[in-house]
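Novice: model this:
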Amino acid sequence: MSFLQRKPTVTFLFLASLIGGGVIYALRLYWRLEFLWAYLIAVNVATAVLFCFDKAAAQNNVFRVPERVLHALTLLGGTPAAFVYSRILRHKTRKGSFQYTFWFIVFCQIAFIALFRGR
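Specialist: Residues are numbered from 1 along each chain as shown. The predicted model follows:
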């Protein structure tokens, strides 16, 4: 049994970190973006890549990205990509538990922004 099969959450979080780190590095080095903007773009790119990978894996009946990884990326700022790619790919749109958690994360993010925006 490969490491991917034994530790899928760790493997896909590591992959997302590599993607995100590379995107941050490129955006900061070549486009001189501030870290916050580079981070938000990077986490959305990583989220989009893993949503696409999971959709392809689902269609081909191979190893999937754990939902907790997709939710973690959403929580870390990948909400726009998660929303857009789930609709474009028609992926995870019918699963009630996934949608419930997704919209709970969105609500918490909106509340967090509203709370700290007023200060």
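Novice: excluding its backbone neighbours, what's nearest residue 48?
Specialist: residue 81 (4.3 Å; C-beta to C-beta, 6 or more residues apart in numbering). Backbone N, C-alpha and C define where each C-beta goes, glycine included.
Novice: Also residue 68?
Specialist: Of all residues not flanking residue 68 in the chain, residue 9 sits nearest, at 6.0 Å (C-beta to C-beta, 6+ apart).
Novice: same deal with residue 50?
Specialist: Closest residue to residue 50 apart from its sequence neighbours, by C-beta to C-beta, 6+ apart: residue 65 at 5.1 Å.
Novice: list the contacts for the one you found?
Specialist: Residue 65 sits next to 8, 12, 50, 51, 53, 54, 57 when contact means C-beta atoms under 8 Å, 6 or more residues apart in numbering.
Novice: Repeat the analysis, applying 7 Å as the threshold.
Specialist: Residue 65 is in contact with 12, 50, 53, 54, 57, counting by C-beta atoms under 7 Å, 6 or more residues apart in numbering.
Novice: Quick one, grab the pLDDT at it.
Specialist: For residue 65, the pLDDT comes out at 95.
Novice: measure it to residue 26 for me?
Specialist: Residue 65 sits 23 Å away from residue 26, going by C-beta to C-beta, to the nearest Å.
Novice: What is the burial count for residue 12?
Specialist: 24 (other C-beta atoms under 10 Å).
Novice: Can you pull the phi/psi pair for it?
Specialist: Residue 12 has phi and psi values of phi -80, psi -30 when expressed as degrees, to the nearest 10.
Novice: Can you read off the pLDDT for it?
Specialist: pLDDT recorded at residue 12 is 94.
Novice: Over to the one 5 residues further on?
Specialist: If you check residue 17, the pLDDT there is 96.
Novice: Kindly report the same for residue 62.
Specialist: Per-residue pLDDT puts residue 62 at 89.
Novice: Run through the residues that contact it.
Specialist: With contact set as C-beta under 7 Å, 6+ apart, residue 62 has no partners.
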